[in-house]
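Chemist: based on what follows, work out the 3D shape:
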Amino acid sequence: MMRWKWFLGGMLLVVSNFVDAQGIDVTGTVTATTISATNLTGTIQTASQPNITTIGTLGALTVTGNITGATISGTISTASQANITRVGTLSGLTVAGGITSLNDNSNFTTTINTGSSTGLVDIGGTAAQTINIGSGASGVKTINIGTGAVANQIILGNAATAGNEVGVHVAAPTAKLHIGPGTTAVAPFKLSTGTSLTTAESGAIEYDGNAFYGTPATTNPSR
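Modeler: Residues are numbered from 1 along each chain as shown. Okay, the predicted model is just below:
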């Protein structure tokens, strides 16, 4: 039941209920405990909406401006997102489905876990996978790994697991380190000139610019 109040000539008119009203036009303010209708049309405006905590389930929602909120939860889906160029800074992102492309056909810089972050970056799961980096058929790729001015440690393969082979210019390596053939202008393997070890280490290979050294055992060095 709704109660409507008007002041007419100093008298208060109270209407407790409308039954089967075909139309009501109000140019002023309507204040009521409850307003219910099959359809409400027109524009509903307020300076703010502090009392609206939920709008229920919507079949569709079209917004031409911005959506600002402390929390947006639930499932947000669409056929495509051609106009979304960025989502700002995310404290976390979990994707249960698949991401088909990241920075596809654009010249944007793609950064993952950069800055002062110390978080772990995992690529690949526990199943058998092929992970391709810079595998495009055209365009020269420059792939930098651990190029910062710090003491980096790069590990390829797990020494405790059999069957870890690393190939350089070899499609199917058959050794722990398998290097492809050289050419008449490029050597397959090359050491830069350096300073020889003060104390010999077993298995070390060195080149000081004048001689090439190999140490089979520290107890009997033949450098």
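Chemist: hmm, residue 197 is touching residue 204, no?
Modeler: Yes - using C-beta atoms under 8 Å, residue 197 is in contact with residue 204, at 6.2 Å. C-beta here means a position set from N, CA and C on the backbone, and glycine is covered the same way.
Chemist: who has more neighbours out of those two?
Modeler: Neighbour totals were compared for residue 197 and residue 204, and residue 204 leads with 16 against 13 (other C-beta atoms under 10 Å).
Chemist: excluding covalently adjacent residues, which one is nearest to the more buried one?
Modeler: Nearest residue to residue 204, sequence neighbours excluded (C-beta to C-beta, 6 or more residues apart in numbering): residue 215, at 4.7 Å.
Chemist: same question for residue 113.
Modeler: Computed as C-beta to C-beta, 6+ apart, the closest residue to residue 113 that is not its neighbour in sequence is residue 121, at 4.9 Å.
Chemist: the one you found reaches residue 114, doesn't it?
Modeler: No - assessed by C-beta under 8 Å, residue 121 is found out of contact with residue 114, at 10.1 Å.
Chemist: distance between stretch 141-154 and the chain's centre?
Modeler: Offset of stretch 141-154 from its chain centre (C-alpha atoms, centre = their mean, to the nearest Å): 21 Å.
Chemist: should've said stretch 202-216
Modeler: Going by C-alpha atoms, centre = their mean, where stretch 202-216 is centred and where its chain is centred differ by 45 Å.
Chemist: can you list the low-confidence ranges for this structure?
Modeler: 1-24, 26-32, 40-54, 75-85, 159-160, 218-223 (pLDDT under 70).
Chemist: which parts of it are helices?
Modeler: Ranges of helices within the chain: none, based on DSSP state H.
Chemist: could you pull out the strands in it for me?
Modeler: 4-8, 11-15, 166-168, 177-179, 205-207, 212-214 (DSSP state E).
Chemist: hmm, residue 134 is touching residue 141, no?
Modeler: Yes - judged on C-beta under 8 Å, residue 134 makes contact with residue 141 at a distance of 3.7 Å.
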